[in-house]
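Enquirer: I would like the atomic coordinates for the input below:
(3 chains)
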Amino acid sequence: MPRAASVSQPDPAAAAQVLRLRRRAEFLRAARGRKHAAPGLILQAYLRRADDPGTAIRAGFTCSKKVGNAVARNRAKRRLRAVAADLLPTLGHQGWDYVLIGRRDVTANRPYRALQNDLRAALARVHGRPG
RNA sequence: GCGGAUGGCUGGAUGGUCGCGGUGCAGCGCAUCGAGGAAAGUCCGGACUCCAUGGAGCAGCGGCGCCGGGUAACGCCCGGCCAGCGCAAGCUGAGGGAUAGCGCCACAGAGAAGAGACCGCCCCGGGCCACCGGGGCAAGGGUGAAACGGUGGGGUAAGAGCCCACCGCGGUCCGGGCAACCGGGCCGGCAUGGCAAGCCCCGCCGGGAGCAAGGCCAAAUAGGGAUCGCGCGGGGCCUUUGGCCCCGGGGGCUGCUUCACCCCCAGCAGGUCCGGGUUGGCUGCCAGAGGUCCGCGGCGACGCGGGCCCAAGAUGAAUGGCCAUCGGGGGCGCACGCGCCCUGACAGAAUCCGGCUUACAGGCCAUCCGCACCG
RNA sequence: GGGUGAUUAGCUCAGUGGUAGAGCGCUUCGUUCACAUCGAAGAUGUCGGGAGUUCGACUCUCUCAUCACCCA
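Expert: Below is the predicted model:
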């Protein structure tokens, strides 16, 4: 499966910029939205309303201390950032906030392709479309 | 060759591609830099900042503790001493004072600190001789973690530093050493149990809080309430409101006292608390007790001089994702000068240094010791 | 990042060098037709882990771990 397939498909305008969630309140709001737990990660998604206009896709990454020590938590968050940077510009919906949560041992060790598929499936599940 | 001891280093490499953070260039973009030996625990020591500043003394509290040296400093390091362990190389030690004082030493045991006689030993007297009474003794047994010097000999009724030799202990003198301490002589005749990570004594050190310290800017709100402390005289100058200066007094000066200096004294300022708002940006924030090489001094820690190098500054927090090759380790097959698969230690900067402690797969280097073999 | 405190029975806590305790809970028996109450008896511990000091450590010292709280 050549990686070029995912890059050529959308037009550049649709590939919106992905901003970063920075505030605790934004994380808490996303936690009240739609959720799906995939083997390699947990996805939370929330559609911003008129209170916060804008069409940007935003994403945040987090790991609890259950994931492990600082090395394990940072490694999980880096892999989540990598997979989100790969897929969210094309598969994410404008105006939505996403929070990706790392899972103990799995997020750091799962093959990258499987992790990509986990995010694809989770996005499809959250947006109500069949995988 | 086998086994062991000590000290030090390293702890994947290269390339491609897509990305992230900082810096520079006016800009597309390009260039360049981007985790550790422990970045960790926060156990010590500092730098720095605030408590207004700098000293002196006292008290309390805390820490340290063989001796000498190193250092900005230390509870760290180096060298030495003593004690214990080891055949040895070496390792370990909070290692001042127990005749300054107080306290504690459970149980057991006769007795646990100027003590004491349970089993006993010896002498005298008596006797219905399985014993009783009086006296002497502390060597032996027993208890205990520890029993009031140890071993041997003399001595004695039995014994005892009662006497003697050696050892220990204490005092003193001499020699060596900067010192801790070591060696030797003489005297004492035992008067000296352990615990100071119990109180304490002696010596030395230490004010408190910490970069979420602290400073600046912007935005926003009702610029609010409570409380603490001070609650002044005289004189002079300037053009009045008012301001400034001098003398005296009072207050602040973060345990107390005190000295110097500074500030304040009727204003709207200061300290604390409550309520409300903001949960933004800049700075502190990276060239330093820095690293490395050479020379000199020193046993060494380290110091001095010279040359060269510049090495992350993030803030929901960058340093990554994927792929290939090489190399290390493990497993399997084996056509064993081959192939396949798996794995990658402990762990991620948050103001910065010097230490300590703890975690750590594998690899490398140097020095030394013991045993065996060869010459 | 920095600073404090705690860890003892299933739970909440005492215990400041000398055989580890209280209350609640638990088990069994009694009382009752039965349950609760009440009464009687009983079980329960690597004192968070590891070193050191001491004859002897829950206690004193060091070290590691875990948990909780505070800050602009």
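
Enquirer: what ranges do the strands span in chain A?
Expert: A:18-20, A:34-37, A:41-47, A:57-62, A:96-102 (DSSP state E).

Enquirer: indicate which one of those strands is closest to A:A85.
Expert: A:A85 sits nearest to strand A:18-20 of all the strands of chain A, at 7.0 Å, using Cβ to Cβ. In this view, the C-beta of every residue, glycine as well, is placed from N, C-alpha and C.

Enquirer: who does the nearest residue to A:A31 once chain neighbours are set aside bridge with?
Expert: Spatially, and ignoring its direct neighbours in sequence, A:A31 is nearest to A:Q44 (5.7 Å; Cβ to Cβ, 6 or more residues apart in numbering). Beta-bridge partners recorded for A:Q44 (DSSP bridges): A:K35, A:V99.

Enquirer: what about stretch A:65-84 and RNA strand B, any contact?
Expert: Yes: interface with RNA strand B: stretch A:65-84 contributes A:69-71, A:74-75, A:77-79, A:81-83 (Cβ under 7 Å from any atom of the strand).

Enquirer: let's have the residues you listed in CSV, adding neighbour count, pLDDT and distance to A:T90.
Expert: Formatted as CSV, these follow (neighbours: other Cβ atoms under 10 Å; pLDDT from 0 to 100; distance: Cβ to Cβ, whole Å):
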residue, neighbour count, pLDDT, distance to A:T90
A:N69, 8, 84, 34
A:A70, 10, 84, 32
A:V71, 9, 85, 31
A:N74, 15, 87, 26
A:R75, 17, 86, 25
A:K77, 20, 88, 22
A:R78, 14, 87, 21
A:R79, 21, 88, 19
A:R81, 15, 88, 16
A:A82, 13, 88, 15
A:V83, 21, 89, 13
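
Enquirer: please flag which of these sit within helices.
Expert: In this view, those that belong to helices under DSSP state H are A:70-71, A:74-75, A:77-79, A:81-83.

Enquirer: nearest to RNA strand B: which residue in chain A?
Expert: RNA strand B sits closest to A:R24 of chain A, with a gap of 2.8 Å, by Cβ to the nearest atom of the strand.

Enquirer: for that residue, what are its contacts?
Expert: Contact analysis of A:R24 by Cβ atoms under 8 Å, 6 or more residues apart in numbering lists nothing.
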